[in-house]
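Undergrad: I'll drop the sequence and a predicted model, then ask my questions.
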Amino acid sequence: MEYLVTMTTRVPAETSEETVDDVRAREAARSRELAAAGHLLRLWRPPLAPGEWRTLGLFAAADAAGLEKVLASMPLRVWRTDEVTPLSPHPNDPPARGPALERAGEFFTTFTFTVPEGTPDVAVDDAIAREAVSARELAGQGHLIRLWTLPPEPGATRVLGLWAARDVDEMRAIAESLPLSVAGLMTTQITPLTPHPSDPATAGETEATEAKDA
């Protein structure tokens, strides 16, 4: 099972820089171990306010107890609180995506799907069918990376998407073009993501760059 974990770190004010550097170095080493074991899939940094130290992580574990064991093994846990969101499979999650987009950034989208009272079932079914087609097309273009179903809210279905786009304007245009959005059945929240130095997806690139510069 996959989980999205929001990790917020608060270092005590009296902590020395040497101690912080040591813990962060051990955290990076442990992240590499967890990635090799298949538990840590991705890491990102969301937009941060001044003084914030926060990371978004995509983890895999057999269950919540297994995930907690993984998170507790990370050195930064001594200063960190973790907010865990379980992710369920989504029928439109692409098995593969198209070629990587040049100069593209990554974004999370949180889609909230609601059906206004009085909406004909046939209109809802048609929009859902066209949404599946659009998801396949966008995956083939390299924009849609992953889709998951989030825990539901009363009267609404929520979906988390991971996307690639050149900037937030392009991401917004993609979201607004989706059939469920056009039909007025879905609202979207967009979260820009920035690279994390311990992200398993870019670890090979970082190592190659360091070797080249050595």
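TA: Yes, it's here.
Undergrad: what kind of secondary structure is the residue sitting furthest away from the middle of the chain in?
TA: Going by C-alpha atoms, centre = their mean, the residue of the chain most distant from its centre is Gly118, 34.1 Å out. Classification of Gly118 by DSSP: H, G, I helix; E, B strand; the rest coil places it in coil.
Undergrad: tell me the confidence at it?
TA: Predicted confidence (pLDDT) for Gly118: 91.
Undergrad: how about Ala123?
TA: Confidence score, pLDDT, at Ala123: 95.
Undergrad: which residue, other than its chain neighbours, is closest to it?
TA: Ala183 (6.8 Å; C-beta to C-beta, 6 or more residues apart in numbering). Where you see a C-beta, it was placed from the backbone N, CA and C, and this is true even at glycine.
Undergrad: for that neighbour, which residues are in contact?
TA: Going by C-beta atoms under 8 Å, 6 or more residues apart in numbering, Ala183 touches Ala123, Val124, Ala127.
Undergrad: from the residues you listed, which would you call buried?
TA: Val124, Ala127 (16 or more other C-beta atoms under 10 Å).
Undergrad: just the contacts of Ala183 now: which is nearest Leu58?
TA: The nearest member of the contacts of Ala183 to Leu58, counting by C-beta to C-beta, is Ala127 at 28.3 Å.
Undergrad: tell me the phi and psi of the closest one?
TA: phi -70, psi -40 (degrees, to the nearest 10).
Undergrad: need the nearest residue in space to it, chain neighbours excluded.
TA: Ala183 (4.2 Å).
Undergrad: quick check: the one you found vs Ala129, distance?
TA: 11 Å (C-beta to C-beta, to the nearest Å).
Undergrad: got it, and Pro75?
TA: For Pro75 relative to Ala129 (C-beta to C-beta), the value is 48 Å.
Undergrad: repeat that for Gly57.
TA: 34 Å.
Undergrad: of the two, who's got more company?
TA: Gly57 (25 against 11; other C-beta atoms under 10 Å).
Undergrad: now that one: which helix or strand?
TA: strand 54-60 (DSSP states H and E).
Undergrad: helices or strands up against that strand?
TA: Contact partners of strand 54-60 among helices and strands, from 3 or more C-beta pairs under 8 Å, 6 or more residues apart in numbering; DSSP states H and E: strand 2-9, strand 40-45, helix 64-72.
Undergrad: only the buried residues of the last one, if you could.
TA: Which is helix 64-72. Under 16+ other C-beta under 10 Å, the buried positions of helix 64-72 are Leu67, Val70, Leu71.
Undergrad: confidence score at the closest residue to Arg103 other than its chain neighbours?
TA: Spatially, and ignoring its direct neighbours in sequence, Arg103 is nearest to Arg166 (6.0 Å; C-beta to C-beta, 6+ apart). pLDDT recorded at Arg166 is 95.
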